[in-house]
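*Asks:* When you get a sec, could you give me coordinates for this:
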Amino acid sequence: MPFLPPVIRMRLLALIAMMVILGAISPALSATDVRVSGSTTVLPLASVCAESFNSEQSDYRVTVTGGGTGVGITDLGEGRSDIAMASREVTDTERSKYETSDRKFNEILVGYDGIVVAVSTEIYDAGVRTLTKEQVKMIYAGEISNWKELGGPDRQIYAIARRAGSGTRDTFNEIIMGSKEAETPGVSTEVADNSEMKTAIKGSDKAIGYLGYSYVTDGTVKGVALDGVEPTVDNIKSGKYPLARKLYFYTLGEPSPGAKAFIEFVLSSRGQGLAEKAGYITI
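*Replies:* Residues are numbered from 1 along each chain as shown. Below you'll find the predicted structure:
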């Protein structure tokens, strides 16, 4: 290298170093974003898969946010997301709002789930370990208000429900209450997602609520049998458990290359293995 004044040499070395750094980070900067939003029941599954997917390739960067099934479908329909996570099927209203002659919802089964009816540890330990659908309906309708009516302690029942827009709420209301739009005057508190539901049940000594199967696998809240059927993997996958359901990804029209790649990863043996470790029931 010809002689260069020290100042020029230092500037040249700094420029070379900067080029090396930019070269190292440019793949991350050039990665295409893939946005996934919706059901908080599906969210942990998508998140654990996104973490591995992002670390194993550099073409796409998947970001995952919750908000509920209704939010995910709206985000997808209005172009804010590439994939909607859903714990129920798309409704006729949503189809009429967002589908066109050449853009239809594509439904992808990504796992199975059970909406587990769960109670506070104190209630479970006091002997309330199985309920009928009719008893749960009466609790949420305000017709049963004390645990002693169900063989438990003399405590007022603290019933917790999900907020409107939740696919979990829709399924629970449809199967237990008889209609998605059913009134539930027995409810004391509504929560935004499964995590809040779990926290509310754990924080009380007299609560009942409902949440996705993956949120009860650590045993910190107690799932009860429903009509004598335990919420086990086999009972949920076979449909024997009354609140068994399917979990979905949705795209609108042909998925983008990034969305397609991520969906394929989730459905692969690698993705399904990650889902199983996260507490999900695989397809």
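
*Asks:* and residue 67, what is it in contact with?
*Replies:* 37-38, 40, 75 (CB atoms under 8 Å, 6 or more residues apart in numbering). C-beta here means a position set from N, CA and C on the backbone, and glycine is covered the same way.

*Asks:* Of the residues you listed, which is the nearest to residue 195?
*Replies:* Distance to residue 195 across these (CB to CB) is lowest for residue 40, with 6.9 Å.

*Asks:* contacting residues for the closest one?
*Replies:* 66-68, 166, 192-195, 212.

*Asks:* what about residue 188, which SS state?
*Replies:* Put simply, residue 188 is strand when judged by DSSP: H, G, I helix; E, B strand; the rest coil.

*Asks:* now do residue 95
*Replies:* Once three-state DSSP is applied, residue 95 turns out helix.

*Asks:* My guess is it contacts residue 105. True?
*Replies:* Yes. Here residue 95 lies in contact with residue 105, judged by CB atoms under 8 Å, at a distance of 6.5 Å.

*Asks:* ok, these two, which is more surrounded?
*Replies:* residue 105 (20 against 14; other CB atoms under 10 Å).

*Asks:* The contacts of residue 67: which two are farthest apart?
*Replies:* Maximum distance among the contacts of residue 67 (CB to CB): 13.7 Å, for 40 and 75.

*Asks:* residues touching the residue lying closest to residue 186 once chain neighbours are set aside, list them.
*Replies:* Excluding its sequence neighbours, the residue lying closest to residue 186 (CB to CB, 6 or more residues apart in numbering) is residue 142, at 3.6 Å. Residue 142 sits next to 184-186 when contact means CB under 8 Å, 6+ apart.

*Asks:* out of these, which are buried?
*Replies:* By neighbour count, with 16 or more other CB atoms under 10 Å, these hold 184, 186 as buried.

*Asks:* No further queries at this time; thank you.
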